[in-house]
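*Asks:* Predicted model and sequence follow; I will ask about them next.
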Amino acid sequence: MKKHPLFILIIIVIVAIAASIFVFPISQKPFSYLSKANQWRLGLDLVGGTHLVYEVDTANVDLGDRDSVMNGLKDVIERRVNIFGVSEPQVVTAKEGNSYRLIVELAGIKDIQLAINEIGTTPSLDFREVVQIGTSTAFVPSQLTGKYIKTARLDFDQRTNAPYISFELNDDGAKIFADMTERNIGKPIAIFLDNQLIEMPTVNDKITGGKAQITGKFTVDEARKLVERFNAGALPAPISLINQQTIGASLGQESLKKAIYGGAIGTLAIILFMLIYYRRFGIFAAVVLIIYIALTAAIFKLFITMTLAGIAGFILSIGMAVDANVLIFERIKEELKKGLERTSAMEEGFKRAWPSIRDSNISTMITAGILFFFTTSFVKGFALTLFIGVVISMFSAITVTRLLMRTFTKK
């Protein structure tokens, strides 16, 4: 049974109202207990914090292992940063000439020196024997550490094509590992990185020769991540802090206020233009634009850490959100000039405007996708908000505008 347009429109309006309530932070009583859960996640440039650049010494790392080591170090740094409860920390790798660097952004961090001390140590990998004492499990450290591992890599079983991790030890490590596996046949051996358990494989037999495999029900991504962690903790790649920048929260808040102020003025100007130029159609466009802003802002608040670049992408998408309405309204006016009645002209206008709307928005989404995958984190925020904004604008311009016009346009 086909639902009446008014019923669907009411649902969309209710969702938009709920989104609007969610978007604005709650700080007034009696709802102050919700204020923390209802706060926006803001980036380093808005709430202040610190920007750290570490240089990675890869002189003792084989050329083919360097990318794996860098990815492993990135994973380790992210795990260390999470200890401080930083909201959406940004950790990226970069290469400048022959030097490798790690860039860490900590938004809202207060104890900067503590963070630097924790982050700036080389990852440590070690193997521990597992001892069961009643219902509790104890991990006994051994002599086998990451310094004895020559390399780790991702391999695939030739019969089942299942991924597994293979690693190779030097001569001293091979002797320690042989004794260790002989004592623990049928028992697990725990592997720790930075004192955190990353894997606990079971020993099937005594392993000699210094070559071993870790098998299990891994996905390819899980196995690759484990290899990266092995390499990060095994290969000698010390990191050193070469640059530190602190951004004050007051500067970020001032920038945020200006961005919101500019966005509000721009939105009002767009609504005013649509009302003056398209009159009755302009009312539809204004309502659709308000619904679009509420839905988009709610999605950003739920899933995205907002930065100044992200806010710029959002504001740009607001201006682009009425493009589809302009195309639709102009097509409807042309059909009315041909003598069609209102409802027929409306349906024909949507039909003829759709190819142009589709193609222009897809081209924008492709551009945003390229910016997201091939640029730095600053531009990625802009690209992501722009992409999401364009997707939602297609829904609001086509679906919501059509529902409004079908509901309030008479023959």
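*Replies:* Arrived safely, thanks for sending. Numbering: from 1, shown residues only.
*Asks:* pLDDT weak spots in the stretch 251-400 of the chain?
*Replies:* 251-252, 376-378 (pLDDT under 70).
*Asks:* Repeat the analysis, applying 50 as the threshold.
*Replies:* Nowhere does the stretch 251-400 of the chain drop to pLDDT under 50.
*Asks:* Tell me where it has strands.
*Replies:* Counting by DSSP state E, counting those that start in this stretch, the stretch 251-400 of the chain forms no strands at all.
*Asks:* What are the boundaries of the helices in this structure?
*Replies:* For the chain, the helices defined by DSSP state H cover 5-23, 44-47, 66-81, 112-119, 171-183, 220-234, 249-278, 280-303, 308-321, 323-337, 342-374, 377-395, 401-408.
*Asks:* Could you identify which of those helices is most buried?
*Replies:* helix 44-47 (a mean of 24; mean count of other CB atoms under 10 Å). All C-beta atoms are positioned from the backbone trio N, CA, C, and that covers glycine.
*Asks:* shouldn't residue 360 be in contact with residue 326?
*Replies:* No: the criterion here is CB atoms under 8 Å, and residue 360 misses it with residue 326 at 11.2 Å.
*Asks:* backbone phi and psi for the residue positioned nearest the centre of the chain, please?
*Replies:* The centroid of the chain falls nearest to residue 304 when counting by CA atoms, centre = their mean (7.2 Å). Backbone dihedrals for residue 304, given as degrees, to the nearest 10, come out at phi -130, psi 140.
*Asks:* any idea how far it lies from residue 154?
*Replies:* Plainly put, residue 304 is 32 Å away from residue 154 if you go by CB to CB, to the nearest Å.
*Asks:* Likewise for residue 10?
*Replies:* Applying CB to CB to residue 10 and residue 154 gives a distance of 53 Å.
*Asks:* now swap in residue 388 and tell me
*Replies:* Residue 388 is 33 Å from residue 154, by CB to CB.
*Asks:* same deal with residue 372?
*Replies:* 26 Å.
*Asks:* now do residue 206
*Replies:* Residue 206 is 25 Å from residue 154, by CB to CB.
*Asks:* more neighbours, the two?
*Replies:* residue 154 (17 against 14; other CB atoms under 10 Å).
*Asks:* Look up which residues are beta-bridged to the more buried one.
*Replies:* Counting by DSSP bridges, residue 154 is bridged to residue 165.
*Asks:* List the contacts of stretch 261-272.
*Replies:* 282, 285, 286, 289, 293, 311, 314, 315, 318, 319, 322 (CB atoms under 8 Å, 6 or more residues apart in numbering).
*Asks:* try it again with 6 Å
*Replies:* For stretch 261-272, the surrounding residues in contact (CB atoms under 6 Å, 6 or more residues apart in numbering) are 286, 315, 318, 322.
*Asks:* Can you tell me the closest non-neighbouring residue to the first one?
*Replies:* What that stands for is residue 286. Nearest residue to residue 286, sequence neighbours excluded (CB to CB, 6 or more residues apart in numbering): residue 271, at 4.5 Å.
*Asks:* swap in the second one?
*Replies:* On the basis of CB to CB, 6+ apart, the spatially nearest residue to residue 315 that is not a chain neighbour turns out to be residue 263, at 4.4 Å.
*Asks:* any idea how far the one you found is from residue 312?
*Replies:* 9 Å.
*Asks:* ok now stretch 144-157, how far from the chain's centre?
*Replies:* Computed by CA atoms, centre = their mean, to the nearest Å, the chain-centroid distance of stretch 144-157 equals 30 Å.
*Asks:* Show me the domain layout of the chain.
*Replies:* 5-41+249-408, 50-247 (automatic domain parsing).
*Asks:* who touches residue 276 in this structure?
*Replies:* Contact analysis of residue 276 by CB under 6 Å, 6+ apart lists nothing.
*Asks:* That one and residue 283, how far apart?
*Replies:* Residue 276 is 11 Å from residue 283, by CB to CB.
*Asks:* Quick check: neighbours shared by the two?
*Replies:* With CB under 6 Å, 6+ apart, residue 276 and residue 283 have no common neighbours.
*Asks:* so which of the contacts of stretch 261-272 comes closest to residue 126?
*Replies:* residue 315 (50.4 Å; CB to CB).
*Asks:* How far off centre is stretch 363-374?
*Replies:* 15 Å.
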